[in-house]
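# the following block contains a protein sequence and its predicted model.
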Amino acid sequence: MSDVDEPMASRIEGEAKAGATTFLDAPNRAIIESLQRDGRQPYGAIAAEVGLSEAAVRRRVQRLREAGVMQIVAVTDPLQLGFTRQAMVGISVEGDVRQVAEKLSALPEVDYVVMCAGSFDILAELVCENDDHLLEVLNDSVRSIPGVRTTETFLYLKLAKQTYSWGTR
């Protein structure tokens, strides 16, 4: 079994820190795809699938995580956890969009923040316990951030698709 981890790790870490599109070799792509199918499978099973040693897979996964290329997390269903109201909020900003995005990112109810071009400067996803909680977050937290000019809230009625398998296309 071959293992070219040291040069690969330096390249991934250097490119990730430089903000460049990170180059992923075939074994790293295969590891990521395997973890996307089942993030709990043992390194030994992944190693057998991708043709590396278990130690090499463990090192590669650790380096990919440290470089910020991937995370291994549990994805939950908010409804099953008592969060019955989800919404995407489009936000128009006056001034520095980055400062508003940073303030939004600090809110515990916000799980997704993206700065964008178009009708809104920022899109933020909120996960709340109910409509009263959503109103409280919108009124007391989001709209009170300096620089927030307007908001438009899009309530989620039903989740039609949620996938995380796009990472190695």
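Good, I have the coordinates. Residues are numbered from 1 along each chain as shown.
# strands of this structure, start to end?
85-93, 110-115, 122-128, 148-155 (DSSP state E).
# nearest to A55, of the ones you listed?
Smallest distance to A55 across those (CB to CB): 34.5 Å, for strand 110-115. Glycine gets a C-beta too; all of them are placed from N, C-alpha and C.
# for stretch 90-98, buried residues please.
Within stretch 90-98, the residues that qualify as buried are G90, I91, S92, V93, V97, counting by 16 or more other CB atoms under 10 Å.
# the third one and G118 touch, don't they?
Which is S92. No. Here S92 does not reach G118: they are 10.5 Å apart, not a contact under CB atoms under 8 Å.
# center of the protein - which residue?
Nearest to the geometric centre of the chain sits Y112, at 7.5 Å (CA atoms, centre = their mean).
# tell me how far that residue lies from A48.
Distance, Y112 to A48, by CB to CB, to the nearest Å: 35 Å.
# coming back round to it: quick check: bridge partners of the residue nearest to the centre of the chain?
E125 (DSSP bridges).
# might you report the residue contacts of it?
Y112 is in contact with L123, A124, E125, counting by CB atoms under 8 Å, 6 or more residues apart in numbering.
# distance of it relative to I72?
From Y112 to I72 the distance is 18 Å (CB to CB).
# if I look at E125, how far off is K161?
To K161, E125 is 15 Å away according to CB to CB.
# the more surrounded of these two?
More crowded of E125 and K161, by other CB atoms under 10 Å: E125, with 16 against 4.
# isn't the more buried one up against M88?
Yes. Here E125 reaches M88: they are 5.4 Å apart, a contact under CB under 8 Å.
# quick check: can you list the domain ranges of this protein?
With domains defined by automatic domain parsing, the chain comprises 5-66, 78-155.
# burial of N28, as a residue count?
Neighbour count for N28, taken as other CB under 10 Å: 23.
# that one and R65: what is the separation?
For N28 relative to R65 (CB to CB), the value is 12 Å.
# for R29, same thing?
15 Å.
# and G118, by the same measure?
Per CB to CB, G118 is found 32 Å from R65.
# higher neighbour count, these two?
R65 (12 against 7).
# from memory that one sits against R58, does it?
No. Between R65 and R58 there is no contact under CB under 8 Å: 10.9 Å.
# mind listing what the spatially closest residue to V114 that is not a sequence neighbour touches?
Excluding its sequence neighbours, the residue lying closest to V114 (CB to CB, 6 or more residues apart in numbering) is L123, at 5.1 Å. Neighbour list for L123: M88, V89, G90, I91, Y112, V113, V114, C116 [criterion: CB under 8 Å, 6+ apart].
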